[in-house]
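A.B. asks: coords please:
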Amino acid sequence: LAFCRGRVVRVPKGPLIRVTGTEVVIPCNVSDYDGPSEQNFDWEFSRETDFVRIVSTWDSTFTSEEYQKRVGHGDIKLRRSSNDAVELVIRNIQPTDQGRYKCSTPSTDATVQGNYDAEVQVKVISDGLSVSGSKARSSVSLRLSEGDSFKLRCSAITTSPEHTHLHVTWQIKSGSTWRDIQSLTHEGKFQPGPGYEERYRNGDIRLDTGANDTYLLSVSQASSVDGGAYRCLVSEWVRGADSSWQKIQEKSVEIASVAIQQTDVVISTSNLSVTERDSLDLTCNITTDRSGIFQAEVMWYFSASPDDTLSDAQVLLSMDRDSVVSDSTFISLSHVDRNSYRLLVRDVDVEDSGYYFCQAAVWVPLHNGSWHKVVERTSAPVSVVVTALEPDYEVFLNASKTPKFSDDPTELNCRITNAQDTEANIRFTVSWYYRQRLRSDDVLTEELLATMDADWTLELGDRSRERTQNGEIIFSKKAVDIFSLRIQWTSESDRGDYFCVISAWSRHRNNSWVKSKDVTSASVSIFWATQDYTLTVEAVKLKSFFVAGHTFEMTCKVSSKNIKTPRYSVLITAEKPLTDQSNPNGTTRIISLNQDSVVRLEDWTDQTRVDGVVLEKVQENEFRYRMYQTQISDAGLYRCVVTAWSPGGGGMWREAVNGLSNPIQIDFQTSGPVFNVSVHSDNPTIYQGELADLLCIVTMEGMALEPDDMSFDVSWFAVRSFALDREPVLLASLDRRGIVTQSRRNGSSDLSLERISPLEFRLRVHGCEDHDFGNHYCVVTPWVRSATGVWQREPDIKAKPIFLSVKMDVLNAFKYPLLIGIGLATVIGLLSCLIGYCSSRWCCKKEVQETRRERRRLMSMEMD
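C.D. replies: The predicted model follows:
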């Protein structure tokens, strides 16, 4: 390829057929050259044998005297399209320009390789194309109505001596540009223009050929976009030497100017306002210049928004082209004149406010007696506002009963006064509101107590729902114009401002009720002076010193002020030291006694001492708490939380104030032993399937104890992570009675927990798996028997965790797969050898016959 590479100059394949008087463009390019990227070109022309220089890109004196005038006037010029390509442009080519044109490039190569020029034959033929309108007349003007049809004719013929094809295109002028409507290409294909594809498929746009080389454009269902100037554009094409189509000339003629008169649908009335109970009168006018026979189909719509589509709007009435009107009770549709249709809505109400628009379709008769819809239009919406007839009335609110003390009744009356224009179609309802009184300037929104709908159905607010259902608040209607609110037992939380809202409802044609007006009353204040409640609680420890196992006893004395006939509920709480892991929150609710003297255990979880705590009422304002057989774990601060209750309405108790006593401390002074716990394993790294041994070792410092005087609860936990950042999982536990409890496990490994000595406990994991890894530790709860024979529980002790690592035995994991693979390979190899031997022995055996040799004597030389 390197040796064959050289400069290549190319021009189109000839001959190039062109028409007299047209512009000719002959391209020339060069490739595979050396030297600068921008190449120069020389063009020469020959009619017979000798070439005449025409023009050059680099030598201004190259042009011969014969062509200097045409080159100077720009009739012949070179147009560079790139560094390696130019175009020879000849304007208004004449028959004398027929001949051979040669394009050559001066050499810039280091060695001469390839071709440096190329020739093309140009043939000039006479102009035989003629294009004209109908009967060769000038452009005509057509004035049509929207939906009409029209046809335009164009005549195109060519007398060219060559075999040429015509390309006919109908165009319309919109603005200053021409747009294609439909074309009959030089290849005989119909091609719709951009935007006309749908109308072409529907048959509304057609291009037909007729006699005498005419081309007919048919347009049906004309619309406003079809208005404008129409022309027929005809181009002549010829097939070149390379079998490609080339356009040799183009002509056009304007055929007609078409004006489309649009059909408009408008409502004669603009935006209007109508009073309730009056009539609404709207007229739909159809504007058209049609003089022939046509019928209109009208449909009226209503919508709440001007942006709603026809599918979202409500159909009011419709009239078909035979003037048949759909049925309606309060709405009528009449045909006033040829182009006007009247909509009458009687006895309008507020629901009729909205947007009205009409849709009209124009139908024309066809020759076969059928009707054809030529146009359909929808009017702009008209806004209609129906003004409600509001009744005139005032609202007055007064308090017939006001409380002077807590739990006194309150009664408010909301009265309608000076009512006018309240006919039978008006109904009144009430809504009650409460607003809390604030000492500062803060703004607080009102709270709904209750409201009534048009059917006098009461809907309760969140503030009054429960008390109304219990009968503490009563809403009633005493008379036609009086609504009442009664609070049976008024509390401090009811103090504030009250007001009512009277709503007027109007009945519409469909017997539905619509709110037409709201009137708000002045507010009434419900307030009485009160003194703040005070509550004092004092806790007293009855025994100043006691030891573990004895009974702890304390009393709570309560005193209160400004509380009427109070009752008290008592709660005993304990604040344990932060080192107590059984309650990390610090405060424990032990036992409570409510205002009705009902005792309840709260968070007391020691099942062995269910009856170990007692709370009783000694006097009306004194309570006693006992805790039997105290443990060392009971150490902490004990308090009495007291709530004072005052009697409310309906036998209910109302919370008045809370109080907290001083703390009473339980602190055991002991010199008993100190226990420590550690975890040990001889082999913390094991393989899968092996046995893991973990020891929980308890050590004791200080006073020595006999094994029978101490016992332990042991629990094993695991954290499945390296950094102890996950929740621990309980594995197993062993209580001081020797009962083992295991948690559920998902794997195939198993656990065992046993006591191997008084102070050592062993956890075994049998058949370890990979999910058994992690940090393992034990939690020990010591129990010590005192001199009185009572078992005392010591605080829980947590050991430092040890990490158990589980590895995979690679040899054991791959031993059996390797043995199975080797065995299968051996069997398959022996079987292959056996099959090969048998095949060569019996199946592919050939008998070889030796060539028989004749035994002849040697001949003598003479006979040979």
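
A.B. asks: Now do the same contact list for the residue nearest to R91 when sequence neighbours are not counted.
C.D. replies: Spatial nearest neighbour of R91, chain neighbours left out: D75 (4.7 Å); criterion: Cβ to Cβ, 6 or more residues apart in numbering. Every residue, glycine included, has its C-beta placed from N, CA and C. Going by Cβ atoms under 8 Å, 6 or more residues apart in numbering, D75 touches I90, R91, N92.

A.B. asks: Around the second one, how many other residues sit close by?
C.D. replies: Neighbour count for R91, taken as other Cβ atoms under 10 Å: 14.

A.B. asks: how near is it to G74?
C.D. replies: 7 Å (Cβ to Cβ, to the nearest Å).

A.B. asks: now swap in the last one and tell me
C.D. replies: As defined by Cβ to Cβ, N92 lies at a distance of 11 Å from G74.

A.B. asks: Need the single longest helix in this protein, by residues.
C.D. replies: Secondary structure of the chain read by DSSP state H shows that its longest helix is helix 810-838.

A.B. asks: Who are the packing partners of it?
C.D. replies: With contacts taken as 3 or more Cβ pairs under 8 Å, 6 or more residues apart in numbering; DSSP states H and E, helix 810-838 sits against no other helix or strand.

A.B. asks: from the middle of its chain, how far away would that helix be?
C.D. replies: 59 Å (Cα atoms, centre = their mean, to the nearest Å).

A.B. asks: All further residue positions should be reported with the first residue as 36.
C.D. replies: OK, 36 is where the count begins now, so the last one is helix 845-873.

A.B. asks: What residues sit buried inside that helix?
C.D. replies: Within helix 845-873, no residue is scored as buried using 16 or more other Cβ atoms under 10 Å.

A.B. asks: ranges for the helices of the chain?
C.D. replies: Taking DSSP H, the helices of the chain run over residues 103-107, 232-237, 500-504, 845-873.

A.B. asks: In a markdown table: these, plus distance to T437.
C.D. replies: Formatted as a markdown table, those follow (distance: least, Cβ to Cβ, whole Å):
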| stretch | distance to T437 |
| --- | --- |
| helix 103-107 | 117 |
| helix 232-237 | 80 |
| helix 500-504 | 19 |
| helix 845-873 | 90 |
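
A.B. asks: Which among the ones you listed is found nearest to M589?
C.D. replies: Smallest distance to M589 across these (Cβ to Cβ): 37.9 Å, for helix 500-504.

A.B. asks: which residues touch the closest one?
C.D. replies: A485, L495, I508, I509, F510.

A.B. asks: next one: stretch 372-387
C.D. replies: 303, 309, 311-323, 331, 333, 335, 337, 351-352, 354, 365-371, 391, 393, 395, 419, 421, 423, 541, 543-544, 549, 551.

A.B. asks: Stretch 782-797 too?
C.D. replies: Taking Cβ under 8 Å, 6+ apart as the rule, stretch 782-797 contacts 728-735, 742, 745, 747, 749, 751, 766-769, 773, 775, 777, 780, 798-804, 806-807, 813.

A.B. asks: Repeat that for stretch 254-265.
C.D. replies: Residues outside stretch 254-265 that contact it (Cβ under 8 Å, 6+ apart) are 174, 179, 181-187, 205-209, 216, 234, 238-240, 252, 289-295, 297, 409-410.

A.B. asks: what about that stretch, start to end distance?
C.D. replies: 12 Å (Cα to Cα, to the nearest Å).

A.B. asks: which of the residues in it are buried?
C.D. replies: Across stretch 254-265, burial judged by 16+ other Cβ under 10 Å covers V254, S255, Q256, A257, D261, G262, G263, A264, Y265.

A.B. asks: So which of those is the closest to E73?
C.D. replies: Taking Cβ to Cβ as the measure, E73 lies nearest A264 of the buried residues of stretch 254-265, at 46.2 Å.

A.B. asks: Is that closest one bridged to anything, and to what?
C.D. replies: K208, S292 (DSSP bridges).

A.B. asks: what's the distance between it and F518?
C.D. replies: Noted for A264: a distance of 78 Å to F518, by Cβ to Cβ.

A.B. asks: What of V147?
C.D. replies: 117 Å.

A.B. asks: again, but for K112
C.D. replies: Distance from K112 to F518, by Cβ to Cβ: 101 Å.

A.B. asks: Kindly report the same for D631.
C.D. replies: For D631, the distance to F518 - Cβ to Cβ - is 38 Å.

A.B. asks: The two: which is more packed in?
C.D. replies: F518 (25 against 9).

A.B. asks: ok, now which ones touch that one?
C.D. replies: So F518 contacts N448, C449, V465, F510, S511, K512, C535, I537 (Cβ under 8 Å, 6+ apart).

A.B. asks: Kindly write the PyMOL command that selects the buried subset of those.
C.D. replies: The buried residues among the contacts of F518 can be selected in PyMOL (16+ other Cβ under 10 Å) with this line:
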select buried, resi 448+449+465+510+512+535+537
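
A.B. asks: Out of the contacts of F518, which comes closest to C63?
C.D. replies: Of all these, C63 sits closest to I537, with 98.1 Å by Cβ to Cβ.
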